[in-house]
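In: Give the three-dimensional model of this entry:
(one chain, ligands or ions: 5)
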Amino acid sequence: MGSTIGDIGEFGLIARVTARFPQTENVIIGPGDDAAVVRAADGRVVATTDLLVEGQHFRREWSGGRDVGHKAAAQNLADVAAMGARPTALLVGLAAPPDLATAWTDALSDGLNAECALAGAAVAGGDVVRSGTLTIAVTALGDLEGRAPVRRDGARPGDVVAVCGTLGRSAAGLALLRAGADGPAECLAAHRRPRPPYAEGPRAAELGATAMLDVSDGLVQDLGHVAAASGVSVALRTGALPADPVLDEAVRVLAELGAGPARPAEYMLAGGEDHALAATFPAETGLPTGWTEIGVVTEGDGVTVDGAAPVRGGWSHFG
Ligand SMILES: Nc1ncnc2c1ncn2[C@@H]1O[C@H](COP(=O)(O)OP(=O)(O)OP(=O)(O)O)[C@@H](O)[C@H]1O
Ligand SMILES: Cc1ncc(C[n+]2csc(CCOP(=O)(O)O)c2C)c(N)n1
Ligand SMILES: [Mg+2]
Ligand SMILES: [Mg+2]
Ligand SMILES: [Mg+2]
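Out: Ligands and ions are numbered 1, 2, ... in the order given. The predicted model follows:
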């Protein structure tokens, strides 16, 4: 039998957790004092927070500690990137039952580290408390490095709407896990460890993106926030969505199991948690390489798909 966090206690757990986090040049003072001190070349700090709650965002039978670490970091680092900023540091709150294995928290820390490394960030501090519900609450900080933040309210009629990153794979992965399927592996991996294109956030900002966000709840729903904040309409074309043979295969597997929507586009339009970046660019700017044009900004309100109001929505926690 391995040890549990109840065996080693709060300060044992803090020592164990913090020993796993590397120091980076962004973090001037890391874990061990009352607060961290994080470098921001810019004088402004981008800050964002998102929680992962067992049962709501992950299940321990479907995701290991390392997966949850990757996902907790990714969903926050993606929000920093979506402002056009470079992630610098994470603060990690862990609420956990005392019988949680230390092997699980070690794996969580390793997953946090590995995902942070992909974005150039590091864990700079956090908190641990006892709780019946396993919860990971992450705050991410970022540096705009002199750039203007890319908000949700800057889309203008005539702009091009584009995405970078996968769409629908995470939702398909979750549906596959629910249906007891063991592949396509890329979809299961997308649910367990989303791969946001971090570097594309600052790049899109430099290239003049007028609005940007990461797709957490579903493309249509999230672009609805851009439309509302900007006072415009977003017109999407399903034919322009990036082709994804892996998603096509997942939908075939799900259809055989009698599970899930029939068309890949439905996963791409309504599936959350891929943390792709969606942005609007002035038509004359052109798109950065690696981005796919999926629609245009027009006068009006709301999001349309192929000229009509979409039927299926995205994720909402409270119905
Ligand atoms: N409890 C809260 N107190 C203050 N602000 C909040 C609270 N919850 C959300 N917000 C703010 O509301 C805005 C929208 O939050 P939301 O969580 O939907 O965005 P997101 O983090 O990009 O998406 P997601 O959580 O789906 O990844 C953000 O600016 C967020 O900081
Ligand atoms: C076990 C389990 N059940 C359901 C889901 C699906 N899910 C949960 S939250 C969310 C949207 C983003 O959340 P937030 O807005 O909190 O960032 C989605 C698509 C999951 N991942 N795991
Ligand atoms: Mg949030
Ligand atoms: Mg977001
Ligand atoms: Mg959400």
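
In: How many residues are close by V138?
Out: 26 (other C-beta atoms under 10 Å). Where you see a C-beta, it was placed from the backbone N, CA and C, and this is true even at glycine.

In: Which secondary structure element is home to it?
Out: Secondary structure from DSSP states H and E places V138 in strand 135-143.

In: how many other residues sit next to whichever residue of the stretch 51-200 of the chain sits closest to ligand 5?
Out: Per C-beta to the ion, Q75 is where the stretch 51-200 of the chain lies closest to ligand 5, at 9.0 Å. Residues near Q75, counting by other C-beta under 10 Å, number 25.

In: so who does it touch?
Out: Contacts for Q75 (C-beta atoms under 8 Å, 6 or more residues apart in numbering) come out as D50, L52, V138, P194, S216, E273, H275.

In: okay, it: pLDDT?
Out: Note for Q75: predicted pLDDT of 98.

In: Pull the contacting residues for the spatially closest residue to A140 that is not a sequence neighbour.
Out: Distances taken as C-beta to C-beta, 6 or more residues apart in numbering place N76 nearest to A140, at 3.7 Å, with adjacent residues excluded. Going by C-beta under 8 Å, 6+ apart, N76 touches T48, T49, D50, L90, V138, T139, A140.

In: Helix, strand, or coil at N76?
Out: Classification of N76 using DSSP: H, G, I helix; E, B strand; the rest coil returns helix.

In: related to what we said a few turns ago, kindly export the strand holding V138 (C-alpha atoms) in CSV.
Out: In CSV, the C-alpha atoms belonging to strand 135-143 read as follows (Å, rounded to 0.1, in the frame of the first residue of the first chain):
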residue,chain,number,x,y,z
THR,A,135,-10.9,20.0,-6.6
ILE,A,136,-8.0,21.7,-8.3
ALA,A,137,-8.3,25.5,-8.5
VAL,A,138,-5.6,27.1,-10.6
THR,A,139,-4.8,30.8,-11.1
ALA,A,140,-2.5,31.6,-14.1
LEU,A,141,-0.5,34.8,-14.5
GLY,A,142,0.9,36.2,-17.7
ASP,A,143,2.9,39.0,-19.3
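
In: what's the spacing between it and its chain's center?
Out: The chain centroid and the centroid of strand 135-143 are separated by 11 Å, computed with C-alpha atoms, centre = their mean, to the nearest Å.

In: Could you name the helices and strands sitting against it?
Out: Strand 135-143 is packed against strand 46-53, helix 65-82, strand 86-96, with contacts defined by 3 or more C-beta pairs under 8 Å, 6 or more residues apart in numbering; DSSP states H and E.

In: and it with ligand 4, contact?
Out: No: Strand 135-143 lies out of reach of ligand 4 by C-beta under 5 Å from the ion, never closer than 10.8 Å.

In: any residue of that strand up close to ligand 1?
Out: No: if you take C-beta under 6 Å from any ligand atom as the test, strand 135-143 misses ligand 1, and the best it gets is 10.2 Å.

In: can you list the residues that contact the helix or strand just after that strand?
Out: Moving toward the C-terminus from strand 135-143, the next helix or strand (DSSP H and E) is strand 160-164. Outside strand 160-164, the residues within contact range by C-beta under 8 Å, 6+ apart are 155, 197, 200, 204, 215, 219, 223, 234-236, 242, 276-283, 287-288, 290-297.

In: so for strand 160-164, what's the average pLDDT?
Out: pLDDT averaged over strand 160-164 gives 98.

In: Just the residues contacting the helix or strand that it is followed by, thanks.
Out: Toward the C-terminus, strand 160-164 is succeeded by helix 169-178 as the next helix or strand (DSSP H and E). Helix 169-178 is contacted from outside by 59, 62, 182-184, 186-192, 194, 244, 246-247, 250-251, 253-254, 259-260, 267, 270-274, using C-beta under 8 Å, 6+ apart.

In: quick one: average confidence on helix 169-178?
Out: Mean per-residue pLDDT for helix 169-178: 98.

In: picking up where we left off before, of all the residues in the strand holding V138, which ones are buried?
Out: Buried residues in strand 135-143, counted by 16 or more other C-beta atoms under 10 Å: T135, I136, A137, V138, T139, A140, L141, G142, D143.

In: can you tell me which two in those residues are farthest apart?
Out: T135 and D143 (27.5 Å; C-beta to C-beta).

In: other SSEs contacting the helix or strand where A103 lies?
Out: Taking DSSP H and E as the definition, A103 sits inside helix 102-119. Helix 102-119 sits against helix 5-18, helix 65-82, strand 86-96, strand 122-130, with contacts defined as 3+ C-beta pairs under 8 Å, 6+ apart.
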